[in-house]
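based on what follows, work out the 3D shape:
(chains A and B)
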Amino acid sequence: MPGIVYEESVDGLTLMEYSEFELKKPSFFVLGLPDTGLVGVISANHIVESMGLQEVAGIDIEALMPPVAVISKGEVRPPLRIYARDNIMALTAETPVPAAVIPVLARLIIDYSIRKGVDYIVSVVGIATPNRMNMDKPNVYWIASNEKARELALKLGIEAFSNGYLVGPYALILKQAIRKRVTNLVLLADAYVEFPDPEAAASVLTVLSKAIGSEIDVKKLLEQAEMIRVRMRGLMKKTKETMAEMGGPSPLLYA
Amino acid sequence: MSFEEIRRRIERIHRKIMEELERSFEEVPAPTWLHESMRPLYTVYQSPDAYIVLVDLAGADTSSIEVKATENKLIIKASLEKEVRFSDVYGTMIGQDVVFRQYEHEIPLPPDADPSGIKVNVRPNKIIEIRIPRRKIT
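A predicted model of the protein is given here:
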């Protein structure tokens, strides 16, 4: 683990930066937090791997429940990790975010984006679509926090998400972004409610390529889709439990 | 009743309890990881006339998928195309030697499920859809 050049603690969350860096313009901060179909996590992980992003920062949750320390290559590492290269920054997570810390995390992400001069915060979200089973290609929709996000969204050739719910961390990030006049573009893909969904991630990444102006190759992601689904089983289960605590509409009987 | 009789009676009851306990322990299945099985993720939906069970069998050998339904449970089995290491799934060094070779799980069915009308649909992405009609309760 490299040294820490900046550290900031807010209400039980600690943000650590490992190196000084500046993002090129226009800059994008892609958020991959665990929710429906783990679409965000899978997308962010793929961006990190395929575009060669470097680990630059991390966020630790003091009161993480269940109490878990992530250890990788002999080092303790924070459950939320931030990677960056050129004009792209990406956040990915190893555990679901407990409901109690979501408001603080939302504030921290927005404040950090302001400090880093991020032009667009891009939230990658899965929407529970009971009919996902019968779709070859999941659709992608958008929600914009302001006019700047709307202008970008209109260039992407996808429909707006006009009615529905957003439950979990992305909901509060969007509301905070609106309040603080930060640009947040939310991209939502139809996804399996409780299965990791790399196909939905591939749909989002194809749309995101247009937004960031550089191609994200999803071929490898689709080739490895089954193995990703096997690997992500554990995180999917934990995410489902965390989301059940948050409530929100659910078409499920039991599982 | 003499003291001796009471003592013998207690011993008899004690023996019976111990036998009963031992028998029930024999019926408890071994933990699934001992026989190298992984539990698949699944979701159960309820519609007015059927239960729909989606099961994620990523990495399974399609030809090996077995779905059986009894009166009160659904049994799903499939072997994996390639064995999966415990460490691949959980990203940990612990249990490195444990490998999974198959999926196996039993899902309890509600009393109004009618297993005789079961339909199974395997998608190319190895998510399977199992449809079990519901009996009309009169």
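
do I have it right that residue B:82 meets residue B:60?
No: taking contacts as Cβ atoms under 8 Å, residue B:82 lies outside contact range of residue B:60: 10.4 Å. For every residue, glycine as well, the C-beta is placed using N, CA and C.

when the two are compared, which one has more neighbours?
Under the neighbour definition other Cβ atoms under 10 Å in any protein chain shown, residue B:82 and residue B:60 were set side by side, and residue B:60 has more, 25 against 12.

quick one: contacts for that one?
For residue B:60, the contact set (Cβ atoms under 8 Å, 6 or more residues apart in numbering or on different chains) comprises B:78-81, B:103, B:126.

try residue A:245
Residues near residue A:245 by Cβ under 8 Å, 6+ apart: residue A:99.

apply 10 Å and report the result again.
Counting by Cβ atoms under 10 Å, 6 or more residues apart in numbering or on different chains, residue A:245 touches A:96, A:98-100.

between those residues, which sits nearest chain B?
Distance ranking of the contacts of residue A:245 against chain B, using Cβ to the nearest Cβ, places residue A:96 first at 15.0 Å.

that older thread, dump the contacts of residue A:245 into CSV; add secondary structure as well.
What follows is the contacts of residue A:245, written out as CSV (DSSP: H, G, I helix; E, B strand; the rest coil):
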residue, secondary structure
A:96, coil
A:98, coil
A:99, helix
A:100, helix
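
which among those end up buried?
Among those, those classed as buried by 16 or more other Cβ atoms under 10 Å in any protein chain shown are A:96, A:98.

nearest to residue B:113 among the contacts of residue A:245?
For residue B:113, the closest of those turns out to be residue A:96, at 31.5 Å, with distances computed as Cβ to Cβ.

where are the low-confidence patches of chain B?
Along chain B, segments meeting pLDDT under 70 span B:24-35, B:88-96, B:138.

scan it for its longest helix.
Among the elements of chain B assigned as helix by DSSP state H, the one spanning the most residues is helix B:3-27.

so where's the stretch 51-200 of chain A shaky on pLDDT?
Within the stretch 51-200 of chain A, the ranges that satisfy pLDDT under 70 run A:65-66.

what ranges do the helices span in it?
Residue ranges of the helices in the stretch 51-200 of chain A, as given by DSSP state H, counting those that start in this stretch, are A:102-115, A:147-154, A:169-179, A:198-212.

tilt between the shortest one and helix A:198-212?
Put plainly, it is helix A:147-154. Here helix A:147-154 runs at an angle of 120 degrees relative to helix A:198-212 (axes from the mean of the first three to the mean of the last three Cα atoms, to 10 degrees).

what's the neighbour count on residue 69?
Using chain A here. Neighbour count of residue A:69, defined by other Cβ under 10 Å: 10.

try again with chain B
Residues near residue B:69, counting by other Cβ under 10 Å, number 21.

for it, which non-adjacent residue is closest in space?
residue B:115 (3.5 Å; Cβ to Cβ, 6 or more residues apart in numbering or on different chains).

which ones are touching the one you found?
Listed by Cβ under 10 Å, 6+ apart, the contact partners of residue B:115 are B:68-74, B:109, B:132-133.
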